[in-house]
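Participant: Predicted model and sequence below, questions to follow.
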Amino acid sequence: MIFDFHVHCFPDALAPRAVAALTENARIISLKPLTDGTAAGTEKCLRSAGITGAHVLNIATNVRQTENVNRFAATLSTVSNGFFIPAGTVHPDCEDKERVIKALHDAGIRGIKVHPDYVRVNIDDPRYDEIFSLCEEAGMYVVTHAGFDPVSPDYFHAKPEGMLKVIRSHPRLTFVAAHMGGPSQLDGVLELLAGTNVYFDTSLISIREDERDKLKTLFHAHDPDRIFFGTDTPWSDPKAEIAIVESMDLTETAKEKIFYKNAARLLNL
Ligand SMILES: [Zn+2]
């Protein structure tokens, strides 16, 4: 069984525009989308790689979008017959964070995704801290983008030092740093985050040839109970993402946890 912890898809009417905008944003690293961005197209792509379910991570790039993004998230599980499990989102400038988080919780959504680079707010900013306190209190998890993103290539808003502060201030929060703690900052991840109670997802590592050795070290240095397999579809080929995790020198027990069991535990699959 393979569950994908990190995918992106959009409402049908918005999918072409969303995928085009994100492709333009990723131009400097020449990422090409592998799906049309719709839920149906995404499910088809993932199923063809043998993936049996997926966690959808959408964000709001401005406060006004939050409501729509979370409304789409709330319908996703039903329209996909349970194939997709959605996360919600909260914008750091939202004036009513408590209400938004309660509404997500009431809709059966168990966690949120944040993307500090898109909103140009550091992960250890007080506005995020408020969100993380509310999630910790409500028993909801947080997934953050971490490290390099082409939207802010010269400044990373989720650095290892900032994420370390977050997990220290919120010891009961399930805090997931995407992309094994972030592209182009693995030295800091190995030094500050490996072996801590942070969680990682593996998404997008198949394209990180230059970081292969550091990634291998990190897989060994971190608790396999705290790693989720993910692809970042449509930005990476799910088959290549599966192959790269398969190729890691890990026990079968550790791989079962990474590919399925950890997500099953967190998301009640
Ligand atoms: Zn992503």
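Facilitator: Arrived safely, thanks for sending. Since we're looking at a predicted model, the values are computed, not measured. Numbering: from 1, shown residues only.

Participant: what stretches of the stretch 151-269 of the chain score poorly on pLDDT?
Facilitator: Within the stretch 151-269 of the chain, not a single segment meets pLDDT under 70.

Participant: what about the helices in it?
Facilitator: 160-169, 186-188, 212-221, 238-246, 252-256, 262-267 (DSSP state H, counting those that start in this stretch).

Participant: before we move on, what about the stretch 1-150 of the chain?
Facilitator: Along the stretch 1-150 of the chain, counting by DSSP H, counting those that start in this stretch, helices occupy 15-25, 39-48, 66-79, 97-106, 116-119, 126-138.

Participant: hmm, who's touching the fifth one?
Facilitator: In this case it means helix 116-119. With contact meaning CB atoms under 8 Å, 6 or more residues apart in numbering, helix 116-119 is reached by 59, 61, 91-93, 122-123, 128, 144-145, 149, 151-152, 156-158. Any C-beta I mention is one placed from the backbone N, CA and C, and that applies to glycine too.

Participant: how about a cut-off of 10 Å?
Facilitator: 25, 59-63, 91-93, 122-125, 127-128, 144-153, 155-159, 162-163 (CB atoms under 10 Å, 6 or more residues apart in numbering).

Participant: same thing with the third one?
Facilitator: Contacts of helix 66-79 with the rest of the structure, by CB under 10 Å, 6+ apart, involve 9-12, 14, 39-40, 54, 56-61, 82-91, 93-94, 96-97, 100, 103-104, 106-109, 112-113.

Participant: Please list only the buried members of those.
Facilitator: 9-11, 39, 54, 56-60, 83-91, 94, 97, 100, 103-104, 109, 112-113 (16 or more other CB atoms under 10 Å).

Participant: Throw the helices of the stretch 1-150 of the chain into a markdown table and include distance to F229 and mean pLDDT, thanks.
Facilitator: Output for those, formatted as a markdown table (distance: least, CB to CB, whole Å; pLDDT from 0 to 100):
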| stretch | distance to F229 | mean pLDDT |
| --- | --- | --- |
| helix 15-25 | 22 | 90 |
| helix 39-48 | 12 | 98 |
| helix 66-79 | 20 | 93 |
| helix 97-106 | 24 | 97 |
| helix 116-119 | 23 | 96 |
| helix 126-138 | 23 | 98 |
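
Participant: Which stretch among those is buried most, on average?
Facilitator: Highest mean neighbour count among those (mean count of other CB atoms under 10 Å): helix 116-119, with a mean of 21.

Participant: Can I get that helix in CSV, CA atoms only?
Facilitator: The C-alpha coordinates for helix 116-119 follow below in CSV (Å, rounded to 0.1, in the frame of the first residue of the first chain):
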residue,chain,number,x,y,z
PRO,A,116,5.9,30.8,4.2
ASP,A,117,7.5,31.8,0.9
TYR,A,118,4.3,32.5,-0.9
VAL,A,119,3.2,34.9,1.8
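
Participant: how far out from the middle of the chain is it?
Facilitator: In terms of CA atoms, centre = their mean, to the nearest Å, the gap separating the centre of helix 116-119 from the centre of its chain is 14 Å.

Participant: Same question for stretch 207-225.
Facilitator: 17 Å.

Participant: Over to stretch 68-84?
Facilitator: 16 Å.

Participant: go on, stretch 202-211?
Facilitator: On CA atoms, centre = their mean, the centre of stretch 202-211 falls 15 Å from the chain's centre.

Participant: Check which residues of that stretch are buried.
Facilitator: Buried, per 16+ other CB under 10 Å, within stretch 202-211: 202-208, 211.

Participant: Sort out for me which of the buried ones among the contacts of helix 66-79 are in strands.
Facilitator: 54, 56, 84-86, 88-89, 112-113 (DSSP state E).

Participant: before we move on, back to that, among the helices of the stretch 151-269 of the chain, which is nearest A138?
Facilitator: helix 262-267 (14.6 Å; CB to CB).
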